[in-house]
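S.K.: for reference, the sequence and a predicted model appear below.
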Amino acid sequence: MRPWNAVLLALALAVLIVVAGPSADLGAARFITVDGIAVAVGEGTTLEQVTEARAVSPAPGARLDVAGDVILPGSGGIGTVEVRGRVASPDTELNDGTSVTTRRGPDRPEALVRTTHVLPHGVASEGSGPVVALVRRGADGEKELFVGESSKRTAAAFVLSEPEDGLLRHSSGLSSGQKAVALTFDDGPSRYTDEIVAVLADKGIPATFFWVGSVAAGKDETIRQVRAAGHEVENHSWSHADLTTLDAAAIASEIARTAEVLGGTRFLRPPYGSYNSVVAEQAGLQGQRLALWDVDSLDWKIRDAASITARVKARVKPGAVIIMHDGGGDRSQTVAALPAVVEWLLEEGYALTTLQQLVGG
């Protein structure tokens, strides 16, 4: 106890001779000790009288956080007063020589809140090539946290289940020695689609079209005619959004709505070639493989047909998937470049085929 506190305690208890005792005569006083300090009180003074005079006021405990640090002083358990080493009742008389001890109330820890959190799974990849298939779906794990209600500090953490990574397999499907490529066209259908189909028909080669569901909606006859001409029509999402920015439910809807409009699809080309494990998993759950590319013609940006052709020539290789566009803007440069691209590939001994025929499966 600090010296000045002891003085105040002695002064407060001294008044009890007058307040509680029958006589102010010091010779009639009785002496007790309060927290080791001798104090005179009147005959018949009870513990309650001492407490009411505020001479004995045990401090309450504090509220503690999970680390044992004080959150709020004085908000813990109530303190106690002991007489002769035992907690006494208020009517206990304080006889001469009685020892009174105050005990600070117990500290009380804050309440704990139990929460569970997802441990997201990752995705591993194997192989190489422009076609990505979901081999094994990943599974999120879960952890349990006990957090202080006020402090928000973590008291304990337990892993309830470990995450399991998914597995993606990249492939080209091209057998050794084959010299084949696949021409693919994105973002249609549009008014340029018929012109591109006419060029392909003139050369007698098939191609694969990745169409946007919202654009293809209501164009059932166009879809039928393009397929009847020997071409594949595949999935390029409903709205051409970056699928990695959407949640699983939205991704699933983008794929399913487009597949329904197109009459069923086997490949999804994610817009901008942007995908993650969630995109791959949602596609795989709907029986779709991701279709990327090896050769980007940049026909959506390059306005010169000769430059588009030169770019394809410089990058093509056996098994390549070439990306061009039949929609999404002015595609007149694509129409102009396509005959030269096809003629050069044929002259170089390449067989031109659909994506499905190229990669199989």
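M.R.: Arrived safely. Residues are numbered from 1 along each chain as shown.

S.K.: wait, a strand at residue 95?
M.R.: No: counting by DSSP: H, G, I helix; E, B strand; the rest coil, residue 95 is located in no strand; its state is coil.

S.K.: could you find the closest non-adjacent residue to it?
M.R.: residue 30 (6.7 Å; CB to CB, 6 or more residues apart in numbering). C-beta: built from backbone N, CA, C; applies to glycine.

S.K.: so who does that neighbour touch?
M.R.: 40, 41, 42, 43, 45, 94, 95, 96, 97 (CB atoms under 8 Å, 6 or more residues apart in numbering).

S.K.: residue 327 versus the third one, what's the distance?
M.R.: Applying CB to CB, to the nearest Å, one obtains 103 Å for the distance of residue 42 from residue 327.

S.K.: ditto for the fourth one
M.R.: Counting by CB to CB, the gap between residue 43 and residue 327 amounts to 106 Å.

S.K.: neighbour count: the two, which is higher?
M.R.: residue 327 (25 against 16; other CB atoms under 10 Å).

S.K.: could you point out which element follows the helix or strand of the chain with the lowest mean pLDDT?
M.R.: Using mean pLDDT, DSSP states H and E, helix 16-19 stands out as the lowest-scoring helix or strand of the chain, at a mean of 43. Next helix or strand after helix 16-19 toward the C-terminus (DSSP states H and E): strand 30-34.

S.K.: report how many residues lie close to the nearest residue to residue 193 once chain neighbours are set aside.
M.R.: Excluding its sequence neighbours, the residue lying closest to residue 193 (CB to CB, 6+ apart) is residue 326, at 4.7 Å. Residue 326: 28 surrounding residues under other CB under 10 Å.

S.K.: test my guess that residue 326 contacts residue 186.
M.R.: Yes: the pair residue 326 and residue 186 qualifies as a contact (CB atoms under 8 Å) at a distance of 7.4 Å.

S.K.: for the record, mean pLDDT for stretch 271-288?
M.R.: Mean pLDDT, computed over stretch 271-288, is 93.

S.K.: kindly report the same for stretch 180-189.
M.R.: Rounded mean pLDDT across stretch 180-189 is 97.

S.K.: in space, not sequence, find me the middle residue of this structure.
M.R.: Closest residue to the average C-alpha location of the chain: residue 120 at 7.0 Å, with CA atoms, centre = their mean.

S.K.: next one, pLDDT for that residue please.
M.R.: Confidence score, pLDDT, at residue 120: 91.

S.K.: which one is it nearest to, not counting chain neighbours?
M.R.: Of all residues not flanking residue 120 in the chain, residue 140 sits nearest, at 5.6 Å (CB to CB, 6+ apart).

S.K.: all set, thanks.
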